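Engineer: here's my sequence, what's the structure:
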Amino acid sequence: MVDRRRTQIVEMACKRFAERGFIGSSMRDLAADMGLEAASLYTYIKSKDDLLEDICFGIGNKLIAAIDEVNDIYFNAEEKLRSAIKNHVEIICADPEASKVFSHEWRHLNDAKKNEFITLRNHYEQGVTEIIETGITEQIFVEGDKRFAVLTILSTVNWISEWYNPKGKMKPNEIAQKLADFVLTGLKKQT
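Structural biologist: The predicted structure is shown next:
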């Protein structure tokens, strides 16, 4: 019962933080959304900060597992990049509200958790950089500003949480395919 209720509170916090931001959301409002007294929330969680940590690191850890898996499998760089984009899009689209919080509200983590989050984010960025470097080594991708390429890719996939509609025309696989095709058009050497 406690785990189920905590999950419901985290889900409601995702919705509230995505709509109003972390700063614009109070525990009192969250409790009202849940039909609870504010003090009752603390039976299930430590603090509002605890909720933000759960959301940000929940998405972050899924992304890390996905990029590590892609880089552990032997594919050429194009296949790795397509897989990395597909995995990222699927994670973002599976929970757009949590993904929006992950992308924007991490700045409100306390200093220790913010540093941990930045380390996690840098690990992910390095995983994408590794794919780009592999593509350059394989002479599939043009040599260029790797950091710019990585940041462009990450900005693009993270922005999906701003516009993705689960009831919309495009499904996650189609988004991933179109996005990968678009990105690869700029990265691949012309033959």
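Engineer: can you list the low-confidence ranges for this protein?
Structural biologist: 1-2, 191 (pLDDT under 70).
Engineer: need the helices for it, in chain order.
Structural biologist: 2-20, 27-34, 38-41, 48-72, 77-94, 96-104, 111-137, 146-163, 172-187 (DSSP state H).
Engineer: report the angle between the fifth one and helix 48-72.
Structural biologist: Computed with axes from the mean of the first three to the mean of the last three CA atoms, to 10 degrees, the direction of helix 77-94 lies at 150 degrees from that of helix 48-72.
Engineer: I figured Tyr124 hits Ala65, correct?
Structural biologist: No: applying CB atoms under 8 Å, one finds Tyr124 not in contact with Ala65, separated by 10.2 Å. Using the backbone N, CA and C atoms, a C-beta is placed for each residue, glycine as well.
Engineer: who has more neighbours out of these two?
Structural biologist: Counted by other CB atoms under 10 Å, Tyr124 and Ala65 do not tie: Tyr124 has more neighbours, with 19 against 12.
Engineer: how many residues are close by Asp95?
Structural biologist: 19.
Engineer: typed the wrong thing, it's Phe17
Structural biologist: Phe17 has 27 neighbours, counted by other CB under 10 Å.
Engineer: tell me which residues touch it, please.
Structural biologist: 25, 51-52, 55, 97, 101, 105 (CB atoms under 8 Å, 6 or more residues apart in numbering).
Engineer: quick one: Glu19 from Ala65, how far?
Structural biologist: Computed as CB to CB, to the nearest Å, the Glu19 to Ala65 distance reads 28 Å.
Engineer: Ile55 too?
Structural biologist: Relative to Ala65, Ile55 is positioned 17 Å away (CB to CB).
Engineer: which residue packs closest to Ile131, ignoring adjacent ones?
Structural biologist: Counting by CB to CB, 6 or more residues apart in numbering, Ile131 lies nearest to Lys80, which is 4.7 Å off, once chain neighbours are set aside.
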